[in-house]
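Enquirer: Structure for the following, please:
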Amino acid sequence: MRLYRFLFLGCLGSAFMMPVLADSLRDPTQPLVGGQTIQEERPVPILWELTAILISPTRRLATVNGEMVKVGDRIGNQKVIAIEANTVQLAGPDGKMTLFLIDPAIKHTVKGS
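Expert: Have a look, this model is predicted:
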């Protein structure tokens, strides 16, 4: 008889606790509170900007992403491997890339007028 009473009280107590426990569980089919969404964190790609090149008989410097660099310097995971009149070449884990001081698609040579 005691066992039945114990089981009855246990079932009765859990019946009252179910709404309390259910409130703490989130329905996975409903959006998160505040319109938030779950997204994978992806690395933000670096936007490379070449803004200046200085070439003299004794040095070659360039300004990349606001930082003055020379051949051999590192910017993030990239290494400066060449500085030319209108370009800077970088090498990194994904291979080589060339930054242009003047976009070659809009560069025009003006002939005598």
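
Enquirer: which residues of the protein fall in strands?
Expert: 50-55, 60-64, 67-70, 74-75, 78-83, 87-92, 95-100 (DSSP state E).

Enquirer: Any idea which of those gets closest to Arg26?
Expert: In terms of CB to CB, the element of the strands of the chain nearest to Arg26 is strand 87-92, at 41.6 Å. In short, each C-beta sits where N, CA and C put it, glycine included.

Enquirer: show me the residues around Met97 that make contact.
Expert: Trp48, Gln78, Gln89, Leu90, Ala91 (CB atoms under 8 Å, 6 or more residues apart in numbering).

Enquirer: Could you rerun that using 6 Å?
Expert: Residues in contact with Met97 (CB atoms under 6 Å, 6 or more residues apart in numbering) are Leu90.

Enquirer: now the one 5 residues further on
Expert: By CB under 6 Å, 6+ apart, Ile102 lies in contact with Asn86.

Enquirer: would you list the strands of the chain in a markdown table and tack on mean pLDDT and distance to Asp27?
Expert: Below are those laid out as a markdown table (pLDDT from 0 to 100; distance: least, CB to CB, whole Å):
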| stretch | mean pLDDT | distance to Asp27 |
| --- | --- | --- |
| strand 50-55 | 92 | 51 |
| strand 60-64 | 94 | 49 |
| strand 67-70 | 95 | 49 |
| strand 74-75 | 94 | 47 |
| strand 78-83 | 96 | 46 |
| strand 87-92 | 95 | 45 |
| strand 95-100 | 94 | 46 |
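
Enquirer: Format those as CSV; extra columns: distance to Arg26.
Expert: Formatted as CSV, the strands of the chain follow (distance: least, CB to CB, whole Å):
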stretch, distance to Arg26
strand 50-55, 48
strand 60-64, 46
strand 67-70, 45
strand 74-75, 43
strand 78-83, 43
strand 87-92, 42
strand 95-100, 44
